[in-house]
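In: coords below, sequence missing:
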């Protein structure tokens with residue numbers, strides 16, 4: 001029979017071995033967490049470095065680079081997002097807003113050739129106007145003594161600029177908001193556009209500005225759709241009052257998975273075997 005003293009010593013020895021193993025496992029766990037943390041930091045630094053490179057990387061088209069700069073560093077997207085998302089009564093208002101913005105942008109970005117041609121025509125009109133003014137003094141009606149008895153034409157009624165801006169059949173609330181917002185962003189768009197001279201850049205800028213605006217409008221619409229139907233299973237679920245939910249004890253410490261072992265009376269203690277057994 002194993003004596004009481006030896007039995008007590010064996011228990012103490014086993015307890016000390018258990019504590020030693022717990023300490024080793026704890027150190028391993030700390031080292032593992034430290035390694036994971038270092039790995040996370042390394043990955044984070046790599047991703048941040050890649051992001052920094054990507055942020056300065058440029059496209060192979062000056063027109064696209066100019067467009068990207070416009071969308072990132074101007075008020076264009078913020079203005080149209082605010083305007084679009086403010087129209088929440090019905091979708092027709094938002095559709096009207098989107099269509100009016102896209103139509104206005106397309107009209108503003110007339111091909112460069114037409115813009116130059118329009119500028120040349122304007123100069124010709126100015127010359128003709130100067131000629132008319134220079135010879136107008138020979139007209140009889142310019143004499144101060146001339147009495148004009150003809151009926152004067154009544155001035156034309158003033159028209160609402162929003163009517164000229166509008167698209168027939170579209171919601172006017174969306175049109176009006178689009179009219180105001182386009183006046184806020186038109187200058188920034190034209191400033192970026194006027195910096196381009198290469199026909200390819202001009203074409204790329206115009207095409208992808210319209211495409212990106214259309215895609216952003218789709219994105220804004222999806223963000224407004226927040227009413228998601230509740231799953232039927234969740235709606236029919238009834239809480240079981242007799243079965244309280246299992247609530248984990250926040251104060252309890254996670255148990256270390258250490259194998260249990262039996263004290264065998266009269267058995268000799270083999271430390272190496274014991275440690276190997278506990279570490280399995």
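Out: Alright, I've got the coordinates. Treat the numbers as computed from the prediction; the structure is a model and nothing was measured.
In: which stretches of the stretch 151-280 of the chain have low pLDDT?
Out: For the stretch 151-280 of the chain, residues meeting the criterion pLDDT under 70 lie at 151-158, 226-280.
In: helices along that one, start to end?
Out: Listed in chain order, the helices found in the stretch 151-280 of the chain under DSSP state H, counting those that start in this stretch are 161-165, 172-194, 199-224, 232-236, 271-279.
In: can you name every helix or strand that the longest one contacts?
Out: Translated: helix 199-224. With contacts defined as 3 or more C-beta pairs under 8 Å, 6 or more residues apart in numbering; DSSP states H and E, the packing partners of helix 199-224 are helix 62-73, helix 76-85, helix 91-108, helix 172-194. The way it works is simple: take the backbone N, C-alpha and C, and place the C-beta from them, glycine included.
In: and with 6 Å instead?
Out: For helix 199-224, the helices and strands in contact under the criterion 3 or more C-beta pairs under 6 Å, 6 or more residues apart in numbering; DSSP states H and E are helix 62-73, helix 76-85.
In: how far off helix 62-73 does it point, in degrees?
Out: For the pair helix 199-224 and helix 62-73, the angle between their directions (axes from the mean of the first three to the mean of the last three C-alpha atoms, to 10 degrees) equals 30 degrees.
In: in helix 199-224, which residues are buried?
Out: Of the residues in helix 199-224, those with enough neighbours to count as buried (16 or more other C-beta atoms under 10 Å) are 201-206, 208-210, 212-213, 216-217, 220.
In: and which of these is nearest residue 103?
Out: If you rank the buried residues of helix 199-224 by distance to residue 103 using C-beta to C-beta, residue 210 comes first, at 9.9 Å.
In: circling back: out of the buried residues of helix 199-224, who's nearest residue 188?
Out: Out of these, the member with the shortest distance to residue 188 (by C-beta to C-beta) is residue 209, at 11.4 Å.
In: just give the closest residue to residue 88, not the sequence neighbours.
Out: Nearest non-adjacent residue to residue 88, counting by C-beta to C-beta, 6 or more residues apart in numbering: residue 224, 7.2 Å away.
In: closest to residue 190 out of the helices and strands packed on helix 199-224?
Out: Ranking these by their distance to residue 190 (criterion: C-beta to C-beta) puts helix 62-73 first, at 10.4 Å.
In: flag every buried residue along that closest one.
Out: 62-64, 66-67, 70-71.
In: ok, stretch 88-96 next?
Out: Neighbour-count burial for stretch 88-96, counted by 16+ other C-beta under 10 Å, picks out 93-96.
In: over to stretch 13-25?
Out: Taking 16+ other C-beta under 10 Å as the neighbour-count basis, stretch 13-25 is seen to contain the buried residues 17, 21.
In: and of the buried residues of stretch 88-96, the nearest to residue 15?
Out: Here the nearest of the buried residues of stretch 88-96 to residue 15, counting by C-beta to C-beta, is residue 94; it sits at 72.1 Å.
In: ok, for that closest one, nearest residue in space, not its chain neighbours?
Out: What sits nearest to residue 94 in space, not counting adjacent residues and going by C-beta to C-beta, 6+ apart, is residue 87, at 4.8 Å.
In: quick one: that neighbour and residue 93 touch, right?
Out: Yes. With contact defined as C-beta atoms under 6 Å, residue 87 and residue 93 form a contacting pair (3.9 Å).
In: find residues that contact each of the two.
Out: Contact with both residue 87 and residue 93 is made by residues residue 174, according to C-beta atoms under 6 Å, 6 or more residues apart in numbering.
In: state the distance from the closest residue to residue 166 other than its chain neighbours to residue 98.
Out: For residue 166, the nearest residue in space outside its immediate sequence neighbours is residue 175; the separation is 4.7 Å by C-beta to C-beta, 6+ apart. As judged by C-beta to C-beta, to the nearest Å, residue 175 and residue 98 stand 11 Å apart.
In: these two: which is more packed in?
Out: Remark: of residue 175 and residue 98, residue 98 carries more neighbours, 24 against 20, as counted by other C-beta atoms under 10 Å.
In: right, and that one touches residue 216 too?
Out: No. With the criterion set as C-beta under 6 Å, residue 98 and residue 216 do not qualify as a contacting pair; they are 9.6 Å apart.
In: any idea how far the spatially closest residue to residue 196 that is not a sequence neighbour lies from residue 105?
Out: Of all residues not flanking residue 196 in the chain, residue 202 sits nearest, at 5.0 Å (C-beta to C-beta, 6+ apart). Using C-beta to C-beta, one obtains 14 Å as the distance from residue 202 to residue 105.
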